[in-house]
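Participant: Okay, sequence plus prediction incoming.
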Amino acid sequence: MVDVSNFVEANGNAAVSIPAMEVAGSPHVPFVPRDANATDSKNAKDVLDLWRQQKQIPAPFIWPHADARPSSILELDVPVVDIGAALHSAAGMARAAAQVAEACASHGFFQVTGHGVDPALAQAALDGAADFFRLPLATKQRARRSPGTVKGYASAHADRFAAKLPWKETLSFIHNHVHEDVGARASSHVVDYFTSALGDDFMHLGEVYQEYCEAMEDASLAIMEVLGVSLGLGRGYYRDFFADGSSIMRCNYYPRCPEPDRTLGTGPHCDPSALTILLQDGEVDGLQVLVDGAWRSVRPKPGELVVNIGDTFMALSNGRYKSCLHRAVVHREKERRSLAYFLAPREDRVVRPPPSPAPAPRLYPDFTWAELMRFTQRHYRADARTLDAFACWLDLPSCPTTPQAQGTV
Ligand SMILES: C=C1C[C@]23C[C@H]1CC[C@H]2[C@]1(C)CCC[C@@](C)(C(=O)O)[C@H]1[C@@H]3C(=O)O
Ligand SMILES: O=C(O)CCC(=O)C(=O)O
Ligand SMILES: [Fe+2]
């Protein structure tokens, strides 16, 4: 059954509402509709003030008990895969392929080292996010996300959802890969995004993220080589598939929270992308993965990137590699930042598993990344069942439980 109950934005004409002054336990103060076109929405400002000043969190931020945090949590056992060794020796590749095969057949999370990302660049990208989220709301709102798209600044996704709001601010933008055939890197579209959305003062930050995204592209294509070998398809198969991809970069900021046990920074979900590379800031943990019915944490470790399989790769591998449910928790005393690079194919490329010598029944229909993106931005809030709901939605006549069939979008 597809749950669309808290999706407020159905058709791009945002049905926007966020709480102005309502706090948990004070149900008499009404929600105040927000002017989606304002550059410095009073209500959005109020929410940010609430984050800092209130003892209780506003009701729309409260997540159901089932999603609440257990008091103690064990660490997830994830392999540490040396990507550099995989690219440079047959033995390194064999070891890396065996590690990812084991991790991806169970939970789909692993960590990578030897990825070649300059630690100074990674730190600059994290510091840049810290600086951006400290800016006045009116400045951040210059990059306000437009309805129906993934690009831009969002505060608690309050323009999209009415309940179970995530305790976070995000800044997202597209990174189009520079296809190797095109020659040396010369793209500046991330820089262009920053200067056009935020102004020329943001050129340097744009340059940092342009470089960071290119490093993420390189790392993710290297990981795709390992995944290809691990599935018996050779190094080039998935690398070529994603070479001209259109990925998404997202900076997450999780402020301190007065009631961390009643909310979540990012709710339980599977990433719709093919692969996600996550850089967690410093010492502050927050990422948790559901394995065998229990939440397990994946703590940040210096120099390591966390990688997980997303729905698009699950479809590409016909379900052999799993996209696993995960979430991010928040803290009372500590704020947290993370940078997520969501690897995705070119928007119009058909996602379909490769022909197999031992054909298995197809688990998912053919689709394009543009279709899946559109589904998550306009029709369905990404959760544990995004891919199943999407497959159902593509095949509308035989799918009575899609949002459309319920008459909700
Ligand atoms: C296709 C997408 C949906 C999300 C943005 C991009 C890439 C990842 C997705 C997301 C981050 C997964 C977590 C849940 C989500 C709703 C969020 O809380 O941010 C997702 C994104 C989104 O729709 O904004
Ligand atoms: O911030 C994190 O640790 C995880 C965020 C996440 O899962 C996401 O952005 O998809
Ligand atoms: Fe995620």
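Facilitator: Yep, that arrived. Ligands and ions are numbered 1, 2, ... in the order given.

Participant: where do the helices sit along this protein?
Facilitator: 42-53, 83-88, 90-106, 119-134, 137-140, 189-198, 203-230, 236-242, 311-316, 369-374, 386-394 (DSSP state H).

Participant: Same list, those, but as JSON lines with distance to residue 336 please.
Facilitator: For the C-beta atoms, the positions are set from N, CA and C on the backbone; glycine is no exception. Shown next, in JSON lines, are those (distance: least, C-beta to C-beta, whole Å):
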{"stretch": "helix 42-53", "distance to residue 336": "14"}
{"stretch": "helix 83-88", "distance to residue 336": "25"}
{"stretch": "helix 90-106", "distance to residue 336": "24"}
{"stretch": "helix 119-134", "distance to residue 336": "11"}
{"stretch": "helix 137-140", "distance to residue 336": "18"}
{"stretch": "helix 189-198", "distance to residue 336": "23"}
{"stretch": "helix 203-230", "distance to residue 336": "18"}
{"stretch": "helix 236-242", "distance to residue 336": "29"}
{"stretch": "helix 311-316", "distance to residue 336": "25"}
{"stretch": "helix 369-374", "distance to residue 336": "26"}
{"stretch": "helix 386-394", "distance to residue 336": "24"}
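
Participant: Ok, which of those comes nearest ligand 1?
Facilitator: Closest to ligand 1 of these is helix 369-374 (C-beta to the nearest ligand atom; 5.1 Å).

Participant: Next, the buried residues of the closest one.
Facilitator: Burial within helix 369-374, assessed by neighbour count using 16 or more other C-beta atoms under 10 Å, is assigned to 369, 371-374.

Participant: Tell me which ones among those also neighbour ligand 1, please.
Facilitator: When the buried residues of helix 369-374 are checked against ligand 1 using C-beta under 6 Å from any ligand atom, the ones in range are residue 373.

Participant: among the helices and strands of the chain, which has the poorest mean pLDDT?
Facilitator: Every helix and strand of the chain was ranked by mean pLDDT, DSSP states H and E. The lowest is strand 31-33, at a mean of 26.

Participant: Need the residues that contact stretch 119-126.
Facilitator: Residues outside stretch 119-126 that contact it (C-beta atoms under 8 Å, 6 or more residues apart in numbering): 208-209, 211-212, 215, 279, 281-282, 303, 337, 339.

Participant: So for those, which is the shakiest by pLDDT?
Facilitator: Ranked by pLDDT, the contacts of stretch 119-126 bottom out at residue 282 (82).

Participant: And the closest residue to that residue other than its chain neighbours, how close does it get to residue 285?
Facilitator: Nearest in space to residue 282, with sequence neighbours left out and distances taken as C-beta to C-beta, 6 or more residues apart in numbering, is residue 300 at 6.6 Å. Look at residue 300 and residue 285: by C-beta to C-beta, to the nearest Å, they are 6 Å apart.

Participant: ok, now residue 208?
Facilitator: For residue 208, the distance to residue 285 equals 25 Å [C-beta to C-beta].

Participant: what does the model give residue 404 for pLDDT?
Facilitator: Looking at residue 404, the pLDDT reads 38.

Participant: err, residue 159, not the other one
Facilitator: So residue 159 comes in at 87 (pLDDT).

Participant: dump the residue contacts of residue 206.
Facilitator: 190-195 are the contacts of residue 206 under C-beta under 8 Å, 6+ apart.

Participant: An error on my part: the question was meant for residue 193.
Facilitator: Here residue 193 is in contact with 151, 173-174, 206 (C-beta under 8 Å, 6+ apart).

Participant: again with residue 238
Facilitator: Residue 238 touches 224-225, 227-228, 316, counting by C-beta under 8 Å, 6+ apart.

Participant: at 6 Å what do you get?
Facilitator: 224, 227-228 (C-beta atoms under 6 Å, 6 or more residues apart in numbering).

Participant: quick one: it from residue 230, how far?
Facilitator: From residue 238 to residue 230 the distance is 10 Å (C-beta to C-beta).

Participant: now residue 210
Facilitator: 31 Å.

Participant: for residue 93, same thing?
Facilitator: Noted for residue 93: a distance of 9 Å to residue 230, by C-beta to C-beta.

Participant: Looking at those two, which has the bigger crowd around it?
Facilitator: residue 230 (23 against 19; other C-beta atoms under 10 Å).

Participant: Just the pLDDT for the more buried one.
Facilitator: Turning to residue 230, the model gives it a pLDDT of 98.

Participant: Mind giving me the PyMOL select for the contacts of residue 206, buried ones only?
Facilitator: This is how PyMOL selects the buried members of those, with burial counted by 16+ other C-beta under 10 Å:
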select buried, resi 190+191+193+194+195
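
Participant: Now pLDDT too, for the contacts of residue 206, in TSV please.
Facilitator: TSV is the format used below for the contacts of residue 206 (pLDDT from 0 to 100):
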residue	pLDDT
190	95
191	95
192	95
193	96
194	96
195	95
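
Participant: Let me see the contact set for residue 78.
Facilitator: Contacts of residue 78 (C-beta under 6 Å, 6+ apart): 109-111.

Participant: what's residue 191 in contact with, if anything?
Facilitator: Counting by C-beta under 6 Å, 6+ apart, residue 191 touches 206-207, 210.

Participant: From residue 126, how far off is it?
Facilitator: 19 Å.

Participant: Also residue 140?
Facilitator: Relative to residue 126, and taking C-beta to C-beta, residue 140 is found at 17 Å.

Participant: Also residue 343?
Facilitator: Relative to residue 126, and taking C-beta to C-beta, residue 343 is found at 20 Å.

Participant: Contacts only, for residue 156.
Facilitator: Here residue 156 is in contact with residue 165 (C-beta under 6 Å, 6+ apart).

Participant: Between the contacts of residue 238, identify the one with the most neighbours.
Facilitator: residue 227 (28 neighbours).

Participant: Many thanks, we can stop here.
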